[in-house]
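Novice: I would like the atomic coordinates for the input below:
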Amino acid sequence: WSPTGDKLLHSVYSSRTDYKPELWIVDATPDTAGQERKPLGVNTWASKCTMSDDRTVYCGVPQSLETGAGFAPEVANFTPDTFYKIDTVTGVRTELATDGAAHVVDSMFVSQDGSNLYFTDKNQSGLFSIPLK
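Specialist: I've put the predicted structure just below:
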């Protein structure tokens with residue numbers, strides 16, 4: 001969910017995407033639920049993403065996925081992620097600079113002031129961060 005609750009991220013998979021997860025966004029208010037549904041152009045699960053506002057999404061996107069990964073997310077538990085900032089209005093995806101270490105996102109969130117992206121890794125203990133400003 002976006003912080004306001006007006007938008008919802010979700011992942012879908014089908015034969016069109018070789019059953020790989022595809023990230024979508026949709027309106028989620030009581031009056032607009034299900035409207036303005038559109039793909040964000042990345043193959044990942046919504047659980048690997050966070051929204052800092054109604055427009056900006058940050059995601060860990062697996063560098064490769066097997067056919068059928070949408071059925072079994074655990075097949076990507078050792079596939080490193082690339083981090084992206086996605087503008088849901090324009091569709092522009094910007095790769096985020098990292099420290100070069102390989103990470104597999106478990107969960108993530110943006111700091112209250114928007115200056116850092118924090119995440120946990122499926123295979124490493126601790127809290128990691130990427131500066132956003």
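
Novice: which intervals of this structure have sub-threshold pLDDT?
Specialist: Along the chain, no part satisfies pLDDT under 70.

Novice: most distant residue from the middle of it?
Specialist: residue 31 (25.4 Å; CA atoms, centre = their mean).

Novice: measure that residue to residue 54 for me?
Specialist: Distance, residue 31 to residue 54, using CB to CB, to the nearest Å: 15 Å. In this view, the C-beta of every residue, glycine as well, is placed from N, C-alpha and C.

Novice: One more: residue 27?
Specialist: According to CB to CB, residue 27 and residue 54 sit 10 Å apart.

Novice: Pull up the overlap in contacts between the two.
Specialist: Counting by CB atoms under 8 Å, 6 or more residues apart in numbering, the contacts common to residue 27 and residue 54 are 6-7.

Novice: could you pull out the strands for this protein?
Specialist: In the chain, the strands defined using DSSP state E lie at 7-12, 22-27, 38-39, 49-51, 56-62, 81-87, 93-95, 105-110, 116-121, 128-131.
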